[in-house]
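**Student:** have a look at this prediction, sequence included:
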Amino acid sequence: MKKIIPKQLGELLISCKIITLEHLEEALKVQKEKGGLIGQVLVSMGVTTEDAIAQALTAQYGFPYLPLGGYDVDPEVAKLVPENVARQYCLIAVDRVGNLLTVAMANPLNQQAVEDVEMITHLKIQVFVTTSTDVSESIKRSYKAG
């Protein structure tokens with residue numbers, strides 16, 4: 001059964017008064033030109049922080065928050081998701097129990113990412129929110145040994 005996510009990240013941040021519509025429109029232009037995740041663009045513009053985005057997602061949708069700073073990700077678990085996919089969707093597999101794979105991601109509203117990881121791993125995905133910086137650092141640590 002799928003969770004229906006009614007809002008995109010930008011809309012959520014506006015409704016939580018973290019950014020303005022003008023900030024979002026500007027960020028969408030930058031994203032169109034340079035690519036990247038909308039949250040990362042907004043942070044690079046200096047209009048919000050990664051933590052504010054993660055907290056908004058946690059408050060609005062009840063995704064648990066998992067700061068990865070001090071978290072030791074098992075490289076074997078991380079490698080269940082190919083590195084290019086992890087980088088593309090800004091996520092990392094952090095734990096596996098049976099056929100349940102716990103994934104920490106910067107944008108848990110990205111249903112396509114969840115579906116792709118389920119298809120690649122043939123596992124059920126449990127989503128946690130984290131910051132894109134935490135994901136990037138964990139990816140560097142987890143995939144370097146391979």
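**Tutor:** Ah, there it is.
**Student:** which residues does the helix or strand Val41 falls within contact?
**Tutor:** The secondary structure element spanning Val41 is helix 38-44 (assigned by DSSP states H and E). Applying C-beta atoms under 8 Å, 6 or more residues apart in numbering, the external contacts of helix 38-44 come out as 8-10, 13, 19, 23-24, 27-28, 30-31, 34, 48-50, 53, 90, 106-107, 132. Every C-beta, even on glycine, is put in place using the N, C-alpha and C of the backbone.
**Student:** PyMOL command for the buried members of the residues you listed?
**Tutor:** Here is the PyMOL command that selects only those of the contacts of helix 38-44 that count as buried (16 or more other C-beta atoms under 10 Å):
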select buried, resi 9+10+13+19+23+24+27+30+31+48+50+53+90+106+107+132
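**Student:** so which of the contacts of helix 38-44 sit within helices?
**Tutor:** Filtering the contacts of helix 38-44 for membership in helices, criterion DSSP state H, returns 9-10, 13, 23-24, 27-28, 30-31, 34, 50, 53, 132.
**Student:** turn those into CSV, including pLDDT and distance to Ser44.
**Tutor:** CSV is the format used below for these (pLDDT from 0 to 100; distance: C-beta to C-beta, whole Å):
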residue, pLDDT, distance to Ser44
Leu9, 84, 15
Gly10, 88, 15
Leu13, 91, 14
His23, 94, 12
Leu24, 93, 14
Ala27, 93, 9
Leu28, 92, 13
Val30, 93, 8
Gln31, 90, 10
Lys34, 89, 9
Glu50, 91, 11
Ile53, 90, 12
Ser132, 89, 10
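**Student:** in the chain, which residue is most central in space?
**Tutor:** Ala106 (2.0 Å; C-alpha atoms, centre = their mean).
**Student:** for that residue, give me its contacts.
**Tutor:** Residues in contact with Ala106, defined by C-beta under 8 Å, 6+ apart, are 37, 39-40, 50, 53-54, 90-91, 129-132, 135.
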